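Undergrad: below: sequence and its predicted model.
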Amino acid sequence: MPPAPVLPCDELRHLYESERLTTLQIATRYERSPTTAANWLRRCGIALRDARYQRRAVAADELERLYVAEQQPINAIAQHFGVSVGTIYNRLRAHQIPSRRKAALLLRATEQSLSRAGTQKA
């Protein structure tokens with residue numbers, strides 16, 4: 001039988017379902033292992049989420065605004081969406097949002113091309 005929770009089942013349910021804390025976050029908060037926290041949840045009759053395969057939504061327009069318009073660091077964007085840095089890079093590619101470096105190079109090349117074209121006409 002799993003160990004008895006160190007806090008009431010209502011509180012565990014609130015943390016896990018309402019606040020959407022993970023078993024790792026609950027375990028860390030109460031200085032226990034994630035396995036122990038999962039056992040507490042089971043003992044309280046709380047169904048565990050399959051966190052390994054949960055896909056979190058990252059809206060393309062918001063991602064583009066944060067990354068391109070606001071020039072926020074990838075770490076900050078990842079934290080904003082509650083995902084990993086790798087997920088942000090994957091979503092940038094999926095939404096065909098060019099990297100800032102690539103966009104800067106393209107802009108510079110376009111400006112140089114326009115500058116040369118203007119010089120040649122004069």
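TA: Sure, I can see it.
Undergrad: same for the longest helix along the chain, what does it pack against?
TA: Using DSSP state H, we find that the single longest helix of the chain is helix 100-121. With contacts taken as 3 or more Cβ pairs under 8 Å, 6 or more residues apart in numbering; DSSP states H and E, helix 100-121 sits against no other helix or strand. Just so you know, the C-beta spots here come from the backbone N, C-alpha and C atoms, and that holds for glycine as well.
Undergrad: name the residues that touch that helix?
TA: Helix 100-121 is contacted from outside by Y67, V68, Q71, P98, using Cβ atoms under 8 Å, 6 or more residues apart in numbering.
Undergrad: what is the neighbour count of the residue lying closest to L12 once chain neighbours are set aside?
TA: Spatial nearest neighbour of L12, chain neighbours left out: C44 (5.3 Å); criterion: Cβ to Cβ, 6 or more residues apart in numbering. When neighbours are counted by other Cβ atoms under 10 Å, C44 registers 18.
Undergrad: for Q71, same thing?
TA: 8.
Undergrad: can you classify the residue positioned nearest the centre of the chain by secondary structure?
TA: Geometric centre of the chain, nearest residue: V83, 1.8 Å, by Cα atoms, centre = their mean. Three-state call for V83 (DSSP: H, G, I helix; E, B strand; the rest coil): coil.
Undergrad: ok, it - contacts?
TA: Contact analysis of V83 by Cβ under 8 Å, 6+ apart lists R56, V58.
Undergrad: at 6 Å instead, please
TA: Going by Cβ atoms under 6 Å, 6 or more residues apart in numbering, V83 touches R56.
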